[in-house]
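Asker: sequence first, predicted model second:
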Amino acid sequence: MTPETVGPLSRLVDIMRIPPRGQEVHVEATAEECAALAQDFGLPGIQALSGDYHLQASAKGIHVTGVVKASITQICVTTLEPFDSMIEEEVEVDFAESSGMPAEPPTDIHEYEPPDEIVNGQIDLGALTAEFLVLGLDPYPRKPGVDFSYRDPADEKDSPFAALNKLKGSK
């Protein structure tokens with residue numbers, strides 16, 4: 001596993017070094033990593049990106065809980081103006097060796113979430129941080145205070161449909 005294969009943010013953790021009581025891990029993206037991720041995700045900017053995690057060994061592998069926080073710049077879909085926003089995304093993910101993963105998902109596919117794979121005895125908390133940043137992005141971001149209100153053209157007197165409405169009403 002190399003940083004080129006997982007993206008610009010990579011923080012590998014050796015699972016064999018996780019103590020029985022668990023381990024706290026903090027991931028902080030550098031300015032260069034933020035710039036590369038912003039370009040990858042089509043954002044004007046990422047000012048800060050971090051993840052705070054608790055890693056705990058489980059019978060199936062490694063259980064990771066935590067939170068990803070980011071300060072980003074997005075483009076408003078209504079005004080097309082850039083604006084700054086904060087993202088905070090809760091994380092809960094299981095990692096398992098590929099040999100420990102079930103061959104088939106349980107019968108109720110909607111409740112099955114397969115674990116992420118442990119590769120070469122390591123998990124990548126940098127890639128996990130980037131993944132949860134993307135999950136926290138609003139696909140239709142709006143600048144605070146901007147409201148998109150739909151106006152019905154039939155309500156306007158100068159509408160091209162106003163004449164048709166008059167004809168329809170005269171029958």
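Answerer: Happy to help now that I have it. Numbering: from 1, shown residues only.
Asker: from here on, just use CA atoms for contacts and neighbour counts.
Answerer: Will do.
Asker: okay, residue 140: pLDDT?
Answerer: At residue 140, the model reports a pLDDT of 90.
Asker: that one: what's it in contact with?
Answerer: 76-77 (C-alpha atoms under 8 Å, 6 or more residues apart in numbering).
Asker: residue 72 too?
Answerer: So residue 72 contacts 43, 45-48, 84-87 (C-alpha under 8 Å, 6+ apart).
Asker: residue 92 now?
Answerer: 63-66.
Asker: how about the helices in the chain?
Answerer: For the chain, applying DSSP state H gives helices covering 3-6, 31-41, 125-136, 162-169.
Asker: pick the most deeply packed of these.
Answerer: helix 125-136 (a mean of 20; mean count of other C-alpha atoms under 10 Å).
Asker: so what does that helix touch, helix or strand wise?
Answerer: strand 12-14, strand 23-28, strand 62-75, strand 82-97 (3 or more C-alpha pairs under 8 Å, 6 or more residues apart in numbering; DSSP states H and E).
Asker: ok, which of these comes nearest residue 39?
Answerer: Within the helices and strands packed on helix 125-136, the stretch nearest residue 39 is strand 62-75; the backing value is 11.8 Å (C-alpha to C-alpha).
Asker: pull up the pairing partners for the closest one, direction included.
Answerer: strand 45-57 (antiparallel), strand 82-97 (antiparallel) (DSSP bridges).
Asker: next, work out how far apart the residue nearest the centre of the chain and residue 16 are.
Answerer: By C-alpha atoms, centre = their mean, the chain has its centre lying nearest to residue 135, at 1.9 Å. For residue 135, the distance to residue 16 equals 29 Å [C-alpha to C-alpha, to the nearest Å].
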